[in-house]
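S.K.: After the sequence you'll find the predicted model.
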Amino acid sequence: MMLVSRRSGAIRWKRLAGIFALLGTMAAGACAPPDQDGTTGTRPDGVSPLFQPLPESAEHPEDNPGTPEKIDLGHKLFFEPKLSRSGIISCNTCHVVGAGGVDAREVAIGEGARTGPRNSPTVYNAAFLAAQFWDGRAETLEEQAKGPIQAHVEMDLTPEEAIERLRVVGYEPLFAEAFPGEEDPLTFDNIAKAIAAFERTLITPGSAFDRYLEGDLDALTPKQKEGLEIFQNAGCISCHNGALLGGQGYAAFSHVEGSEDVGRAAVTGREEDRYVFRIAPLRNVALTAPYFHDGSAATLHEAVSIMGWVQLKRRFTPEEVDAVVAYLESLTGEFPMVTHPQLPRTLPPAPTVTE
Ligand code: HEC
Ligand code: HEC
């Protein structure tokens with residue numbers, strides 16, 4: 001896993017970014033005429049090739065193919081409050097798919113109204129992350145999904161309890177359809193697999209920035225273009241790049257003094273990973289306030305201004321912050337229509353009457 005340290009790494013990246021930018025401009029060549037949708041298919045001059053458009057869809061891994069039956073089951077499980085001890089908390093409680101995939105709280109609130117130490121990140125486009133969680137401790141969506149169901153502060157069930165609850169309300173036939181040929185399809189592994197398959201459909205392509213990358217020069221406002229320039233020139237792009245503008249590497253972030261959350265050091269056990277966190281992905285970031293792993297920045301303006309100072313030793317003017325925020329708003333994509341599914345609810349058998 002790539003680790004970008006605060007100084008040396010950032011500088012290395014900046015130099016690379018410069019080289020790529022140069023190559024990119026050379027490759028772009030003369031302007032092509034625009035298509036009917038206003039795009040030319042050519043990246044506008046001066047836009048770094050370190051940015052990638054968000055793919056239209058996510059690939060399902062070979063060991064967990066995304067069949068319609070499985071995605072449908074995962075969709076139900078994502079909304080299933082039976083997967084929590086109280087029976088009222090589902091994945092959608094903290095990752096509200098109709099509201100950017102977040103709960104808009106500083107830190108999440110789960111079973112028994114207990115709070116965890118961290119802010120709920122969005123589930124949208126999580127399929128493209130190199131690793132899950134603020135500290136990257138789960139490699140895949142399959143591995144991730146098993147966490148919250150068991151976490152004391154989230155849904156608080158044992159795998160056996162989760163399986164039994166789903167069996168009682170009538171999920172067995174749905175698991176049989178989603179995992180054909182398996183002798184005992186209702187397992188904890190398969191719960192996680194179905195949820196992960198559903199999450200791979202939560203993709204938001206078609207943002208203004210994606211259209212701009214494809215050559216639609218009018219997709220960004222002049223202020224957004226200004227913000228993009230600051231984002232590139234100030235060095236934000238040295239960490240926030242690729243299709244998600246983050247989500248692939250790690251960097252030190254310790255603006256909250258004396259925080260007990262040591263970040264990645266708790267995963268790797270390495271002293272040098274103290275206060276190192278995953279470089280946050282910035283897709284749809286305008287919809288996911290509050291910001292940072294501890295929810296300590298209430299607004300995007302605050303987050304941008306802190307990032308400028310903490311990561312780059314730049315004191316942005318209010319106008320500069322405004323422009324960067326405007327640019328970040330162009331990263332809001334088109335959200336899929338996610339219905340609230342009907343959940344299986346088998347009535348318990350009637351008591352047998354003995355005469
Ligand atoms: C009580 C609130 C809560 C519930 C319920 C919950 N989550 Fe989360 N989720 C969080 C928090 C908080 C994090 C970040 C934790 C961390 O980084 O340590 C997170 C992280 C994630 C991530 C990683 C995203 C990223 O950017 O790294 C995914 C994916 C996810 N949750 C999916 C789910 C699924 C699927 C369920 C249901 C099985 C679920 N969550 C239930 C609060 C919740
Ligand atoms: C050295 C790498 C690095 C640089 C440079 C950097 N960031 Fe970040 N950024 C991070 C990390 C790491 C996080 C996650 C922080 C955390 O765990 O709370 C983050 C988080 C963010 C967030 C909050 C996202 C969220 O969902 O909470 C925003 C917004 C952001 N960065 C914008 C910027 C901007 C704008 C710049 C340039 C001024 C910038 N970053 C420069 C590494 C960097």
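M.R.: Noted; the coordinates are in hand. Ligands and ions are numbered 1, 2, ... in the order given.
S.K.: does Gly308 sit in a helix, a strand or a coil?
M.R.: Following DSSP: H, G, I helix; E, B strand; the rest coil, the label given to Gly308 is helix.
S.K.: my guess is it meets Arg314, correct?
M.R.: Yes - between Gly308 and Arg314 there is a contact at 4.3 Å, judged by CB atoms under 8 Å. Any C-beta I mention is one placed from the backbone N, CA and C, and that applies to glycine too.
S.K.: quick one: which of the two has more around it?
M.R.: Applying other CB atoms under 10 Å to Gly308 and Arg314 shows that Gly308 carries more neighbours, namely 20 against 15.
S.K.: list residues touching both of Gly308 and Arg314?
M.R.: When contacts are counted by CB atoms under 8 Å, 6 or more residues apart in numbering, Gly308 and Arg314 are jointly contacted by Ala234.
S.K.: Contacts only, for Ala219.
M.R.: 38, 208-209, 211-212, 330.
S.K.: for His255, that is, sorry about that
M.R.: Contacts here follow CB under 8 Å, 6+ apart; on that basis His255 touches 292, 296, 306, 310.
S.K.: So which residues on this structure come close to ligand 1?
M.R.: 89, 91, 93-95, 108, 110, 116, 118, 120-121, 123, 126, 129, 132-134, 141, 144-145, 148-149, 154-155, 195 (CB under 6 Å from any ligand atom).
S.K.: and ligand 2, which of the residues you listed contact it?
M.R.: The subset of those within reach of ligand 2, by CB under 6 Å from any ligand atom, is Trp134.
S.K.: ok, which stretches of the stretch 251-355 of the chain are helices?
M.R.: In order along the chain, the stretch 251-355 of the chain carries the following helices (DSSP state H, counting those that start in this stretch): 265-268, 300-312, 318-329.
S.K.: got the ones you listed as CSV, with distance to Arg165 and mean pLDDT columns?
M.R.: Supplementary listing: those in CSV, determined by distance: least, CB to CB, whole Å; pLDDT from 0 to 100:
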stretch, distance to Arg165, mean pLDDT
helix 265-268, 30, 92
helix 300-312, 39, 97
helix 318-329, 41, 98
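S.K.: Rebuild those helices as a markdown table, extending it with distance to Val102.
M.R.: Supplementary listing: these in a markdown table, determined by distance: least, CB to CB, whole Å:
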| stretch | distance to Val102 |
| --- | --- |
| helix 265-268 | 23 |
| helix 300-312 | 13 |
| helix 318-329 | 15 |
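S.K.: among those helices, which is nearest Val285?
M.R.: Nearest to Val285 among the helices of the stretch 251-355 of the chain is helix 318-329 (5.3 Å), distances taken as CB to CB.
S.K.: got the angle between the closest one and helix 300-312?
M.R.: With axes from the mean of the first three to the mean of the last three CA atoms, to 10 degrees as the criterion, the two stretches helix 318-329 and helix 300-312 enclose an angle of 100 degrees.
S.K.: So, low pLDDT: which residues of the stretch 1-150 of the chain?
M.R.: Low-confidence segments of the stretch 1-150 of the chain, defined by pLDDT under 70, span residues 1-38.
S.K.: can you give me the helices in it?
M.R.: All helices of the stretch 1-150 of the chain, identified by DSSP H, counting those that start in this stretch, fall at 8-28, 68-78, 91-94, 141-150.
S.K.: what angle separates the last one from helix 68-78?
M.R.: Interaxial angle of helix 141-150 relative to helix 68-78 (the same axes, to 10 degrees): 30 degrees.
S.K.: So which elements touch helix 141-150?
M.R.: In this structure, helix 141-150 makes packing contacts with helix 159-169, helix 188-199, judged by 3 or more CB pairs under 8 Å, 6 or more residues apart in numbering; DSSP states H and E.
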